[in-house]
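> I'd like to go over a predicted model; first the sequence, then the structure.
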Amino acid sequence: MTDGYSEKVMEHFANPRNVGEIKDADGIGKVGNPTCGDLMWIYIKVKDNRLEDIKFKTFGCGAAIATSSMITELARGMTIEEALEITRKDVADALDGLPPVKMHCSNLAADGLHAAIKDYLEKSGKK
Amino acid sequence: MVSSIYMDYSSTTPVDPAVAEAMYPFFSEKYGNPSSLYTKGREAKKAIEEARQEVADLIGARKEEVFFTGSGTESDNLAIKGTAYKNRKKGNHIITSSIEHHAVLNTCKFLEIQGFDVTYLPVSREGLINQDDVENAITGKTILISIMHANNEIGTIQPVREIGKLAKDMGITFHSDAVQTAGKIPLNVDELNVDLLSMSAHKMYGPKGVGALYIRKGIHLEPLLHGGGHERNMRPGTENVPGIVGFGKAAELAKKHLPDEEKLVILRDSLIKGILEIEDSYLNGHATKRLPNNANFRFSFIEGESMILILDMKGVAASTGSACSSASLEPSHVLSALGLKPEEAHGSLRLTLGIGNTQEDVDYVVSVLPGIVGKLRMMSPLAR
Ligand SMILES: Cc1ncc(COP(=O)(O)O)c(C=O)c1O
Ligand code: FES
């Protein structure tokens, strides 16, 4: 099981960054994993078109928690446009890869971020 | 300091040093082929027959009724396919349960493709099979009933004796997978009314890759393999002599250790009591009709693989039935059969004890688990 998890994955899993909710979030992305039934919620705070703050809550495996943590690190400080370009591959690569059966967990993180941005754009009438 | 506590004895057990010692000469010293007529061959043959006697004694069988195989999985395959193929003309119906080990379930699924009909009986919320369901499932075409003695995940002990009696009265062959009970609780094939019984050495402080099938005198099976006549044609292939010798030694020790295994109930109940103090935690399986060494919990709002990973960092080896931890990404079929929703099965944790565990181990796990559950709940969108 840990077999195949890189040190980076284990490090993020053991010390996840940006756990929690943002009370007055500008956008919230709530996504579920159809494969195994896990959930990921991403909260963002946007200022001057940049992701000023980002937090997550995840119900899922070690990879799901590590990818959540990683995507919050990647996206923090990015512009909306940059953040929308983050792919699941970027997340997996930043974690030095994921075991094949766990690749779908990285979808969750990318989808969660994109859903949060979409929510923000809709709420702020930018879309 | 990171501790090292093994609480996954139902997955496998360490080989008892006395077992390893008994096996050792059979690699490079007493390496003869048991089929050979000269001294070295006879020496190996004798060792196999002594091991057969030990295994027979463990389950109250006659020596001639014990056949060595390559694993518990193979024993299950031989029992089920062997009966099905042999009795094809008599009927094509098999009764089993929905919580069997995959070695039984997937064998039955394979037979379905070949035209056999299989009834997978449901279980109660506690994981027990209802004898009436077995009785009602029997048809004129039923050739085999296969019900496990105790479940490997939730530890539930089935009413095997009663189901066996039913099968006996109806003249139907009865198989029980006793991989999880052999060496853990007293076993007697006559009391249990079984015709076929599967065992595996590595679950009872023996080596991996050796199993045995008890075949009651008068029960005929079609072998799975064809070859040189070993194991009285039931399982041809030059015998795994060191493995079989190890199994024999493990069976001998298991008899002596049965009281210790049964005493694990005290540790188990202490573990259960301590862990159920955690909010929104539940015990899976039956409160009393369970293996002395099995504790299986579920914790709301969190996922099992994450729990296992953190426990591992704290030096505790355990397992889970969560979908995320399985290759198929489906929750454990056993937990699903209990009626648990996927998200409930998700937060499952199995701790299985062995004779290496102490009260200190239990206390340690009880002391670290609340923090682990709390940490994961803090991260969970589902937690209150
Ligand atoms: C109930 C049960 N049956 C069968 C098996 C398979 O035994 P083996 O690992 O020897 O193939 C196991 C162990 O995984 C088991 O727990
Ligand atoms: S979230 Fe279920 S496998 Fe990763």
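Right, received. Where do you want to start? Nothing here was measured: the structure is a model prediction, and the numbers come from that model. Residues are numbered from 1 along each chain as shown, chains lettered A, B, ... in the order given. Ligands and ions are numbered 1, 2, ... in the order given.

> CA atoms for contacts and neighbours, from now on please.
Fine.

> now do the SS call for the residue nearest to B:S348 when sequence neighbours are not counted.
In this structure, B:S348 finds its nearest non-sequential neighbour in B:R298, 4.1 Å apart by Cα to Cα, 6 or more residues apart in numbering or on different chains. Assigned state for B:R298: strand (three-state reduction, DSSP: H, G, I helix; E, B strand; the rest coil).

> how about B:M199, secondary structure?
Going by three-state DSSP: B:M199 is strand.

> ok, for it, nearest residue in space, not its chain neighbours?
Of all residues not flanking B:M199 in the chain, B:V179 sits nearest, at 4.4 Å (Cα to Cα, 6+ apart).

> sec struct for that neighbour, please.
coil.

> that one reaches B:T73, doesn't it?
No. Under the contact definition of Cα atoms under 8 Å, B:V179 does not touch B:T73, with a separation of 9.2 Å.

> just want to know which of these two has more residues nearby.
Between B:V179 and B:T73, counted using other Cα atoms under 10 Å in any protein chain shown, B:V179 has the larger neighbour count: 30 against 24.

> quick one: contacts for that one?
B:72, B:198-200, B:203 (Cα atoms under 8 Å, 6 or more residues apart in numbering or on different chains).

> among those residues, which two are most distant?
B:S198 and B:K203 (11.9 Å; Cα to Cα).

> neighbour count: the two, which is higher?
Between B:S198 and B:K203, counting by other Cα under 10 Å, B:S198 is the more crowded of the two (31 against 25).

> residue contacts, the more buried one?
Shown here is B:S198, whose contacts under the criterion Cα under 8 Å, 6+ apart are B:72, B:75-76, B:79, B:175-179, B:211-214.

> quick check, the helix of greatest length in chain A touching ligand 2?
Of all segments of type helix in chain A, defined using DSSP state H, the longest is helix A:103-123. Yes. Contact of helix A:103-123 with ligand 2 is found when judged by Cα under 6 Å from any ligand atom, involving A:C105.

> give me the contact list for that helix.
With Cα under 8 Å, 6+ apart as the contact definition, helix A:103-123 has outside contacts at A:26-33, A:35, A:40-44, A:63-64, A:67-68, A:71, A:80, A:83-84, A:86-89, A:91-92, A:127.

> dump it to PDB, keeping only the CA atoms.
Provided in PDB are the C-alpha atoms of helix A:103-123 (Å, rounded to 0.1, in the frame of the first residue of the first chain):
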ATOM      1  CA  MET A 103      -3.800   8.300 -10.200                       C
ATOM      2  CA  HIS A 104      -7.500   8.900 -10.000                       C
ATOM      3  CA  CYS A 105      -7.000  10.600  -6.600                       C
ATOM      4  CA  SER A 106      -5.100  13.300  -8.300                       C
ATOM      5  CA  ASN A 107      -8.100  14.000 -10.500                       C
ATOM      6  CA  LEU A 108     -10.000  14.800  -7.400                       C
ATOM      7  CA  ALA A 109      -7.500  17.600  -6.400                       C
ATOM      8  CA  ALA A 110      -7.400  19.200  -9.900                       C
ATOM      9  CA  ASP A 111     -11.200  18.900 -10.200                       C
ATOM     10  CA  GLY A 112     -11.700  20.400  -6.800                       C
ATOM     11  CA  LEU A 113      -9.500  23.400  -7.500                       C
ATOM     12  CA  HIS A 114     -11.200  24.000 -10.800                       C
ATOM     13  CA  ALA A 115     -14.600  23.700  -9.300                       C
ATOM     14  CA  ALA A 116     -13.700  26.200  -6.600                       C
ATOM     15  CA  ILE A 117     -12.600  28.700  -9.200                       C
ATOM     16  CA  LYS A 118     -15.700  28.100 -11.300                       C
ATOM     17  CA  ASP A 119     -17.800  28.800  -8.200                       C
ATOM     18  CA  TYR A 120     -15.900  32.000  -7.600                       C
ATOM     19  CA  LEU A 121     -16.300  33.200 -11.200                       C
ATOM     20  CA  GLU A 122     -20.000  32.400 -11.100                       C
ATOM     21  CA  LYS A 123     -20.500  34.100  -7.700                       C
END
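
> buried set for it?
Along helix A:103-123, these residues count as buried under the neighbour rule (16 or more other Cα atoms under 10 Å in any protein chain shown): A:103-120.

> just flag the most distant two among the contacts of B:S198.
Across the contacts of B:S198, the two members that end up farthest from each other (Cα to Cα) are B:H175 and B:G211, 15.1 Å apart.

> keep only the contacts of B:V179 that also lie close to ligand 1.
Those of the contacts of B:V179 which are also neighbours of ligand 1 are B:72, B:200, as judged by Cα under 6 Å from any ligand atom.

> pLDDT added to the contacts of B:V179, as a markdown table?
Rendered in a markdown table, the data for these read as follows (pLDDT from 0 to 100):
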| residue | pLDDT |
| --- | --- |
| B:G72 | 98 |
| B:S198 | 98 |
| B:M199 | 98 |
| B:S200 | 98 |
| B:K203 | 98 |
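
> and which of the contacts of B:V179 is nearest to B:F116?
B:F116 lies nearest to B:S198 out of the contacts of B:V179, by Cα to Cα, at 21.6 Å.

> quickly list what that closest one is bridged to.
Residues in a beta bridge with B:S198, per DSSP bridges, are B:D177, B:L213.

> how close does it sit to B:T320?
24 Å (Cα to Cα, to the nearest Å).

> can you map out the strands along the chain?
With no chain named, the answer covers chain A. Counting by DSSP state E, one finds strands in chain A at the ranges A:27-32, A:39-47, A:50-59.

> try again with chain B
With strands called from DSSP E, chain B shows them at B:5-6, B:66-69, B:93-97, B:117-121, B:142-146, B:173-177, B:196-200, B:211-215, B:281-283, B:294-299, B:316-317, B:348-352.

> which one of the ones you listed lies closest to ligand 2?
With respect to ligand 2, and counting by Cα to the nearest ligand atom, the nearest of those is strand B:348-352 at 13.4 Å.

> counting by contacts, list what that closest one packs against.
Contact here means 3 or more Cα pairs under 8 Å, 6 or more residues apart in numbering or on different chains; DSSP states H and E; on that basis strand B:348-352 packs against strand B:294-299, helix B:304-313.

> B:G354 is nearest to which of those?
Taking Cα to Cα as the measure, those were each checked against B:G354, and strand B:294-299 came out nearest at 9.4 Å.

> pLDDT of that closest one, averaged?
Per-region confidence: strand B:294-299 scores 98 on mean pLDDT.

> pLDDT value on the closest residue to B:L349 other than its chain neighbours, please?
Closest residue to B:L349 apart from its sequence neighbours, by Cα to Cα, 6+ apart: B:T320 at 4.6 Å. pLDDT for B:T320: 94.

> distance to B:E252, mean pLDDT and mean neighbour count added to the strands of chain A, as CSV?
Compiled in CSV, those are given as follows (distance: least, Cα to Cα, whole Å; pLDDT from 0 to 100; neighbours: other Cα atoms under 10 Å in any protein chain shown):
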stretch, distance to B:E252, mean pLDDT, mean neighbour count
strand A:27-32, 52, 95, 22
strand A:39-47, 50, 96, 25
strand A:50-59, 46, 96, 24
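
> looking at those strands, spot the one closest to B:L111.
Within the strands of chain A, the stretch nearest B:L111 is strand A:27-32; the backing value is 36.5 Å (Cα to Cα).

> ramachandran angles for the closest residue to chain A within the stretch 51-200 of chain B?
Of the residues in the stretch 51-200 of chain B, the one nearest chain A is B:E153, at a distance of 17.7 Å by Cα to the nearest Cα. For B:E153, the backbone dihedrals are phi -90, psi -50 (criterion: degrees, to the nearest 10).

> contacting residues around it?
If you count contacts by Cα under 8 Å, 6+ apart, B:E153 has them with B:294, B:296, B:321, B:334, B:350.

> with that, I have no additional questions.
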